[in-house]
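>>> Pasting a predicted model and its sequence here:
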Amino acid sequence: MAGAGTQVSANTEVGIVDPSEEQTWEALRALYLIGQPEDLSAIRPYRREVPEISDRVRQQATETEKAIQSRGGH
């Protein structure tokens, strides 16, 4: 990663966004209420069974997808 004030060229990684489990879960809860069909592609990766994704987040992602679909999503 680049430090503050460092000049970088195009396509150089300057930072990483890595939300905590709690932030991810809260974002999925918000999308449960207001998510739109175009949000589904951002939600679906959290349904995967991998060690980095907790059962709690995976379940919320599944419920969020169902809620959006019930409102007319795909």
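Looks like it came in fine.

>>> drop to CA atoms for contacts and neighbour counts, all remaining ones
Fine.

>>> Kindly tell me how buried Arg47 is, as a neighbour count.
Residues near Arg47, counting by other CA atoms under 10 Å, number 18.

>>> for Val14, same thing?
11.

>>> do the same with Glu22
Neighbour count for Glu22, taken as other CA under 10 Å: 11.

>>> For Pro45, give its distance to Thr12.
Pro45 sits 25 Å away from Thr12, going by CA to CA, to the nearest Å.

>>> typo on my end, it should be Ile43
From Ile43 across to Thr12, the span is 27 Å (CA to CA).

>>> Would you map the helices across this structure?
Taking DSSP state H to define them, one finds helices in the chain at 21-34, 40-43, 55-70.

>>> Deepest-packed of the ones you listed, please.
Among these, helix 55-70 has the highest mean neighbour count (mean count of other CA atoms under 10 Å), at a mean of 18.
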